[in-house]
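*Asks:* Build the 3D model from these lines:
(one chain, ligands or ions: 2)
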Amino acid sequence: MPMLDEHVRADPRILRVYLEARRRYGQAGLCHHNFGHVVRDTHRALVIAASEKGVDYSVLLPAVLLHDIGFCYPNWPEMGHDLAGARLAQEMLPALGYLAFEVAAIQHCITAHKGKAEAPASLEAKILYDADVLEKAGLFDLVILGLLMCEFSENLADCLARECRDRAEETARGFFTAKAREMDRGRLVRVGALLNEMRQEVSGPRRDFSLSETDLWREPPKEVLGKS
Ligand SMILES: [Fe+2]
Ligand SMILES: [Fe+2]
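*Replies:* Numbering: from 1, shown residues only. Ligands and ions are numbered 1, 2, ... in the order given. Reported below is the predicted structural model:
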């Protein structure tokens with residue numbers, strides 16, 4: 001499998017994107033959507049791409065490196081991190097040497113990486129989508145659940161509600177490449193069932209997992225209300 005060295009030799013701009021992405025994710029310091037996640041996605045994207053013909057790595061690699069950069073954008077919750085990331089990429093890439101048509105191709109990959117704002121239309125967008133979904137296709141998704149609760153400051157019930165919905169949508173959409181299906185080996189479906197089982201337990205008699213601080217009080221004392 002070609003490593004990053006070869007792609008950087010062929011297109012030195014990729015190194016500029018790599019370093020800028022690493023700096024920005026590092027500054028954000030998020031629990032899950034960090035450079036470690038980007039590194040795993042990059043590895044999977046390279047594995048998948050090695051099984052495809054005609055991949056434009058000058059589009060694919062910047063797209064993978066920047067696909068979650070939207071989480072570094074202050075207003076991302078209003079527009080979604082996929083669209084926020086595409087906007088940030090538009091701001092960053094011309095200064096790193098990218099032409100308008102290349103920026104547009106990279107933006108499409110970033111916008112489509114959740115399969116929601118846009119469906120992946122290009123080969124590079126399909127590879128990025130599959131590489132990113134594979135992150136959650138397996139028992140590692142249970143670890144991610146905890147990281148997301150930490151990153152978004154949310155309780156288990158709320159986190160599970162979103163993640164179960166996302167796994168169901170991803171399962172219905174399916175993978176776009178044969179290599180990703182081979183790497184998944186049915187794990188996405190199995191982990192989706194596991195999350196659903198956990199959600200039933202959490203949303204049933206175990207109300208403790210959906211509590212917030214206000215659920216402990218009928219009338220919170222002013223000292224409690226004043227607490228940040
Ligand atoms: Fe994402
Ligand atoms: Fe991601």
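
*Asks:* switch to C-alpha atoms for all contacts and neighbour counts from now on
*Replies:* Noted.

*Asks:* can you give me the helices in the protein?
*Replies:* 4-10, 13-28, 35-49, 57-66, 76-79, 81-92, 100-111, 123-134, 140-152, 156-173, 178-184, 187-203, 222-225 (DSSP state H).

*Asks:* want to throw those helices into TSV with mean pLDDT and distance to Ser212?
*Replies:* Output for the helices of the chain, formatted as TSV (pLDDT from 0 to 100; distance: least, C-alpha to C-alpha, whole Å):
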stretch	mean pLDDT	distance to Ser212
helix 4-10	96	45
helix 13-28	98	26
helix 35-49	97	29
helix 57-66	98	34
helix 76-79	92	21
helix 81-92	97	26
helix 100-111	98	33
helix 123-134	98	30
helix 140-152	96	13
helix 156-173	96	11
helix 178-184	98	36
helix 187-203	94	14
helix 222-225	88	13
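
*Asks:* nearest to Ser210, of those helices?
*Replies:* helix 156-173 (5.1 Å; C-alpha to C-alpha).

*Asks:* Can you give the contact residues for the closest one?
*Replies:* For helix 156-173, the surrounding residues in contact (C-alpha atoms under 8 Å, 6 or more residues apart in numbering) are 133, 145, 148-149, 188-189, 192, 195-196, 198-199, 202-203, 209-210.

*Asks:* Let me see the domain layout of this structure.
*Replies:* Per automatic domain parsing, the structural domains of the chain span 1-132, 136-211.

*Asks:* still on that earlier bit, as CSV, the helices of the chain with distance to Thr214 would be great.
*Replies:* Converted to CSV, these look like this (distance: least, C-alpha to C-alpha, whole Å):
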stretch, distance to Thr214
helix 4-10, 50
helix 13-28, 29
helix 35-49, 34
helix 57-66, 38
helix 76-79, 24
helix 81-92, 29
helix 100-111, 37
helix 123-134, 35
helix 140-152, 18
helix 156-173, 16
helix 178-184, 41
helix 187-203, 18
helix 222-225, 9
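
*Asks:* Could you dump the ones you listed into TSV and include mean neighbour count and distance to Asp215?
*Replies:* Output for the helices of the chain, formatted as TSV (neighbours: other C-alpha atoms under 10 Å; distance: least, C-alpha to C-alpha, whole Å):
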stretch	mean neighbour count	distance to Asp215
helix 4-10	13	51
helix 13-28	17	31
helix 35-49	20	35
helix 57-66	24	39
helix 76-79	12	26
helix 81-92	21	31
helix 100-111	22	38
helix 123-134	26	35
helix 140-152	15	19
helix 156-173	17	14
helix 178-184	17	40
helix 187-203	17	15
helix 222-225	9	12
